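Q: Coordinates only, no sequence provided:
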Ligand code: HEM
């Protein structure tokens, strides 16, 4: 906490002039109207009016912290990424955790996925891994994302989240059954940001120094242990302490109890992808560990709180298209949509020069390019350099080395359904997740689903959702049906 200094410094206006009176506005006489010439008053009110910027359209509510990532195991066989290239190598990191659906000010203890966004300040540029605490997602195509989010956020007429909309979207989206089962289960409400795992969720491409290509899935396993809240505990906490996750993370780091996660990856040789039993580029599916075991990579530690939440957390900007050499996208079409959406959101929310803000700028290297100017341009170090390329003045030049490996393509342009692999359907993995649960877990899962679904006004929407749970596992479907009917009769 900052300590008061013994000799207070002079208060100034934004242009640095001393302020004579910060308690009384300038007026025409003691009882008269306020003067337009009161620069300090006008500036103060005008600045105050502009304190808010647009909140994130999703993941608006979140908490951030700084730390580092340290490599503990040699995985150079799989990626040439420099920051992962040597045991013991450390990279500075900024992390932001979030809820998804609610607006700024929403309660932390919501039943909602949690964002798990990481920015690695590597020597080869910033690498952003923008994941969730869930290994899968609700939909398979980015075209559906705006509709999905509309159905989960506030209704334009009622101004609140509506079970009718939430479940109507899922009724039309059987591919969501796996993630809905995940969300309604015990892990649907983490006790805090420290007590949850993080997943890249999508499949990414890694390329090693020899050019061999692998597909990987990231798993950050919490070293604090998984802890969750029941629906009843969450409802109570949301009322009594809406900032519970923020408080927990802030206070843990202030106390020196620094949260950490161990990163593991599942690695699939590129040649396996075409014939794997599930489409490996479908974010609604996991790769069972029996097919692709976990390889330990390193340790993420968070040990420093931001000094200013607005400057460093609200203005932080993560983009899944910030890759470094050795890491690239897979053809997962959801990921492909995200490669566009985030930087576009940042240009709207924060402006074209958001990459110059300290939390977003590279720390272990310098950005050198011919992009210039725009609103709030702060970098002046290039002011004498040429702003075009190629040039004869030793300006920065391209390397000719692509960051990731090329992929062979087949087929025709057009709108296509995603390729189906041998065991691809919308329900099998949801059923597998259900069958992994103990009887007690199944009971809570069924009660959570029934609690939401029973509030839906249309019978056809309820029935369509029940069909999905039946398809996942007959017992699952039967128990949810009975629980919903019981609640609707009460
Ligand atoms: C096509 C699908 C998706 C689209 C179009 C999309 C779009 C967006 C947008 C526009 C934002 C707000 C960015 C900002 O204003 O800073 C956002 C935030 C976020 N999204 Fe997505 N998203 C998609 C799917 C996903 C998936 C599958 C995940 C996780 C695996 C995810 C994780 C996140 C996280 C963690 C944030 C918050 C980042 C932060 O802390 O600033 N999103 N998304």
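A: Structure's in. What do you need? The shown structure was predicted, so the numbers you read here are calculated from the model rather than taken from an experiment. Numbers count the residues shown, from 1 in each chain.
Q: Quick one: the helices in the stretch 1-150 of the chain, in order.
A: With helices called from DSSP state H, counting those that start in this stretch, the stretch 1-150 of the chain shows them at 39-49, 145-152.
Q: got the buried residues for the shortest one?
A: Going back to what we said before, that points to helix 145-152. Neighbour-count burial for helix 145-152 flags 145, 148, 151, 152 (criterion: 16 or more other Cβ atoms under 10 Å). For every residue, glycine as well, the C-beta is placed using N, CA and C.
Q: Secondary structure element holding the nearest residue to residue 289 once chain neighbours are set aside?
A: Here the nearest residue to residue 289 in space, its sequence neighbours aside, is residue 266; by Cβ to Cβ, 6 or more residues apart in numbering that works out to 7.3 Å. With secondary structure defined by DSSP states H and E, residue 266 is part of strand 260-269.
Q: Model confidence score at the residue nearest to residue 289, please.
A: On the pLDDT scale, residue 266 is placed at 98.
Q: Contacting the ligand as well, which ones from the buried residues of helix 145-152?
A: Intersecting the buried residues of helix 145-152 with the surroundings of the ligand, defined as Cβ under 6 Å from any ligand atom, gives residue 145.
Q: got CSV for the buried residues of helix 145-152, with pLDDT and distance to residue 337 too?
A: Compiled in CSV, these are given as follows (pLDDT from 0 to 100; distance: Cβ to Cβ, whole Å):
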residue, pLDDT, distance to residue 337
145, 98, 7
148, 98, 12
151, 98, 17
152, 97, 17
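Q: Which of the buried residues of helix 145-152 lies at the shortest distance from residue 296?
A: Nearest to residue 296 among the buried residues of helix 145-152: residue 145, at 32.7 Å, using Cβ to Cβ.
Q: So residue 358 versus the ligand, what's the distance?
A: Distance, residue 358 to the ligand, using Cβ to the nearest ligand atom, to the nearest Å: 16 Å.
Q: Ok, residue 240 next?
A: Separation of residue 240 from the ligand (Cβ to the nearest ligand atom) stands at 25 Å.
Q: Can you name the residues of the stretch 251-400 of the chain that neighbour the ligand?
A: In this structure, the stretch 251-400 of the chain approaches the ligand at residues 283, 316, 317, 318, 334, 337, 338, 341, 342, 345, 346, 349, judged by Cβ under 6 Å from any ligand atom.
Q: residues touching the residue lying closest to residue 441 once chain neighbours are set aside, list them.
A: Taking Cβ to Cβ, 6+ apart as the measure, residue 441 lies nearest to residue 186, with 5.7 Å between them; neighbours along the chain are not counted. Residues counted as contacts of residue 186 (Cβ atoms under 8 Å, 6 or more residues apart in numbering) are 228, 441, 444, 445.
Q: Hmm, residue 230 and the third one touching each other?
A: If I follow you right, that is residue 444. Yes - with contact defined as Cβ atoms under 8 Å, residue 444 counts as touching residue 230 (7.0 Å).
Q: More neighbours: which of those two?
A: residue 444 (18 against 13; other Cβ atoms under 10 Å).
Q: Please name the residues that touch residue 201.
A: Counting by Cβ under 8 Å, 6+ apart, the residues that residue 201 touches are 131, 132, 134, 135, 136, 137, 217, 283.
Q: Is it possible to get CSV of the residues you listed that adds neighbour count?
A: Rendered in CSV, the data for those read as follows (neighbours: other Cβ atoms under 10 Å):
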residue, neighbour count
131, 25
132, 24
134, 23
135, 22
136, 24
137, 25
217, 23
283, 28
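Q: residue in the stretch 101-250 of the chain nearest to the ligand?
A: residue 115 (2.7 Å; Cβ to the nearest ligand atom).
Q: Residue 151 versus that residue, what's the distance?
A: 19 Å (Cβ to Cβ, to the nearest Å).
Q: Go through stretch 447-459 and flag the buried ones.
A: The neighbour-count criterion (16+ other Cβ under 10 Å) identifies 447, 448, 449, 450, 451, 452, 453, 454, 455, 456 as the buried residues of stretch 447-459.
Q: Spatially, which two of those are the most separated?
A: Within those, 447 and 456 form the most distant pair, 15.9 Å apart (Cβ to Cβ).
Q: Quick check: residues of the stretch 51-200 of the chain near the ligand?
A: Contact residues (Cβ under 6 Å from any ligand atom) of the stretch 51-200 of the chain with the ligand: 56-59, 62, 96, 98, 115, 117, 130-132, 137, 142, 145.
Q: the helices in the stretch 351-490 of the chain, which residues?
A: According to DSSP H, counting those that start in this stretch, the stretch 351-490 of the chain carries its helices in the segments 428-436, 439-453, 459-472, 474-489.
Q: Pull out the buried positions in the last one.
A: Buried residues in helix 474-489, defined by neighbour count with 16+ other Cβ under 10 Å: 476, 477, 479, 480, 481, 483, 484.
Q: what mean pLDDT would you report for it?
A: The average pLDDT for helix 474-489 rounds to 96.
Q: What of stretch 323-340?
A: If you average the pLDDT over stretch 323-340, you get 98.
Q: First residue to last residue on it, what's the distance there?
A: Between the start and the finish of stretch 323-340 there is a gap of 13 Å, counting by Cα to Cα, to the nearest Å.
Q: how distant is that stretch from the center of its chain?
A: Counting by Cα atoms, centre = their mean, to the nearest Å, stretch 323-340 is centred 15 Å from the centre of its parent chain.
Q: Only the buried residues of that stretch, if you could.
A: Neighbour-count burial for stretch 323-340, counted by 16+ other Cβ under 10 Å, picks out 323-336, 338.
Q: And for stretch 349-368?
A: Of the residues in stretch 349-368, those scored as buried under the neighbour-count criterion (16+ other Cβ under 10 Å) are 349-355, 357, 359-363.
Q: pLDDT and distance to residue 69 added to these, as CSV?
A: Output for these, formatted as CSV (pLDDT from 0 to 100; distance: Cβ to Cβ, whole Å):
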residue, pLDDT, distance to residue 69
349, 98, 27
350, 98, 25
351, 97, 29
352, 96, 29
353, 95, 27
354, 97, 23
355, 96, 21
357, 96, 21
359, 98, 17
360, 98, 18
361, 97, 18
362, 98, 15
363, 98, 13
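Q: Just put the residues you listed in JSON lines and tack on distance to residue 471.
A: Putting these into JSON lines (distance: Cβ to Cβ, whole Å) gives the following:
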{"residue": "349", "distance to residue 471": "40"}
{"residue": "350", "distance to residue 471": "43"}
{"residue": "351", "distance to residue 471": "47"}
{"residue": "352", "distance to residue 471": "47"}
{"residue": "353", "distance to residue 471": "49"}
{"residue": "354", "distance to residue 471": "44"}
{"residue": "355", "distance to residue 471": "46"}
{"residue": "357", "distance to residue 471": "47"}
{"residue": "359", "distance to residue 471": "45"}
{"residue": "360", "distance to residue 471": "44"}
{"residue": "361", "distance to residue 471": "49"}
{"residue": "362", "distance to residue 471": "48"}
{"residue": "363", "distance to residue 471": "49"}
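Q: Closest one to the ligand out of these, please.
A: Using Cβ to the nearest ligand atom, residue 349 is the member of the buried residues of stretch 349-368 that lies nearest the ligand, at 4.8 Å.
Q: From residue 56, how far out is that closest one?
A: With the distance defined as Cβ to Cβ, residue 349 ends up 7 Å from residue 56.
Q: sorry, back to before: would you turn the helices of the stretch 1-150 of the chain into JSON lines with distance to residue 258?
A: Rendered in JSON lines, the data for those read as follows (distance: least, Cβ to Cβ, whole Å):
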{"stretch": "helix 39-49", "distance to residue 258": "36"}
{"stretch": "helix 145-152", "distance to residue 258": "33"}
